[in-house]
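>>> with the input below, show me the fold.
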Amino acid sequence: MSLRTVLASAIDPDRWETTVVADPAEVELLVNRLASPAVSDAQIEHLGRPAYVDEDGESGPDHLVYAGVHDGRGYLDYIGARFGGDLPAVGILDGDPDSPEWQGAGHAFHRSSGVTLDSFHRLLVDLLRSGRPSERARWLDGEVHPTAPPAYHPAAGDR
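Numbers count the residues shown, from 1 in each chain. Below is the predicted model of the structure:
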């Protein structure tokens, strides 16, 4: 199983980099990239999950995970089929109550949803292995943050 990540540049809002994370050792590299000043946040898709097909026959991932590192904390939001169910859901991490709201280049993260980088790393490894939100964390039902910009996507040639 692997994760397709679309990393948003913190320097140029029109620039994204697509990478694939295929094993747990590569998750640490992803966390380090997200913690670097050149990267804002990422949109992640688990490539082992089924595609969603809409009424017009268009297909895409049945989920998206938004991830970022800000002020030494990791942030994750999960949007899509939750725990194998067929209903859409938004899962917001129940994190450190002192973690601030944070606006990345592609997603706005809620206050109190940041976790330690060790926890963030473990949650991403769990996502890689299972294709669903980690059961190690408490996920709060939520809505897409009202100040979030539209989701960013890789260019058609990158998919």
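>>> quick check, central residue of this structure?
Tyr66 (2.3 Å; CA atoms, centre = their mean).
>>> would you mind measuring from that one to Leu140?
In this view, Tyr66 and Leu140 are 15 Å apart by CB to CB, to the nearest Å. Where you see a C-beta, it was placed from the backbone N, CA and C, and this is true even at glycine.
>>> cool, Leu93 as well?
Distance from Leu93 to Leu140, by CB to CB: 8 Å.
>>> where does Arg129 land in three-state SS?
helix (DSSP: H, G, I helix; E, B strand; the rest coil).
>>> one step back: so who does the residue nearest to the centre of the chain touch?
Shown in contact with Tyr66 (CB atoms under 8 Å, 6 or more residues apart in numbering): Asp41, Ala42, Gln43, Ile44, Tyr75, Leu76, Asp77, Ile79, Gly104, Gly106, His107, Phe109.
>>> nearest spatial neighbour of Arg15, skipping sequence neighbours?
If the residues on either side of it in the chain are set aside, Arg15 comes closest to Ser9, at 4.0 Å by CB to CB, 6 or more residues apart in numbering.
>>> and the one you found, how close does it get to Thr18?
From Ser9 over to Thr18 (counting by CB to CB), the distance is 12 Å.
>>> re earlier: could you say which helix or strand contains the residue nearest to the centre of the chain?
Counting by DSSP states H and E, the element that carries Tyr66 is strand 63-70.
>>> paired strands for that strand, with orientation please.
Sheet pairing of strand 63-70 (DSSP bridges) gives strand 39-46 (antiparallel), strand 73-81 (antiparallel).
>>> going by mean pLDDT, which of these comes out lowest?
Lowest mean pLDDT within the strands paired with strand 63-70: strand 73-81, at a mean of 87.
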